[in-house]
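S.K.: pasting the structure only:
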């Protein structure tokens, strides 16, 4: 999600990424241990929420499931199921 927001000009960081592997009883994630994407510019938080909402609502509708895509940053080709470039980590840019 951080890379996705970055591809739309919104700088963000991932807080708690090092704790992503913490699990509680019976395999349930401990909520406090889950990573959180934080937008650095408070004036862009509303736009970030809109983009994330649109992304979740339209996930997979913009591209055929089997069509690979080319990274706008490094030019590497990735499988359609990925939302970030495997080579450089940049978010997929639709269109």
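M.R.: On my side now, so go ahead. Model, not experiment: these values are computed from the prediction.
S.K.: Let me see the mean pLDDT of stretch 34-45.
M.R.: For stretch 34-45, mean pLDDT is 90.
S.K.: those helices in the chain, which residues are they?
M.R.: Ranges of helices in the chain, per DSSP state H, are 2-6, 45-58.
S.K.: in the first one, what counts as buried?
M.R.: Looking back up the chat, that one is helix 2-6. Residues of helix 2-6 classed as buried: 2-5 (neighbour count, 16 or more other Cβ atoms under 10 Å). Where C-beta positions appear, they are placed from N, C-alpha and C, glycine not excepted.
S.K.: thinking again about what came up before, hey, which of the helices of the chain is tucked in deepest?
M.R.: helix 2-6 (a mean of 19; mean count of other Cβ atoms under 10 Å).
S.K.: So for residue 71, which of the helices of the chain sits nearest?
M.R.: Closest approach to residue 71 among the helices of the chain (Cβ to Cβ): helix 2-6, 10.3 Å.
S.K.: Please name every helix or strand in contact with the closest one.
M.R.: Packed against helix 2-6 by the contact rule (3 or more Cβ pairs under 8 Å, 6 or more residues apart in numbering; DSSP states H and E) you find strand 12-15, strand 36-39, helix 45-58.
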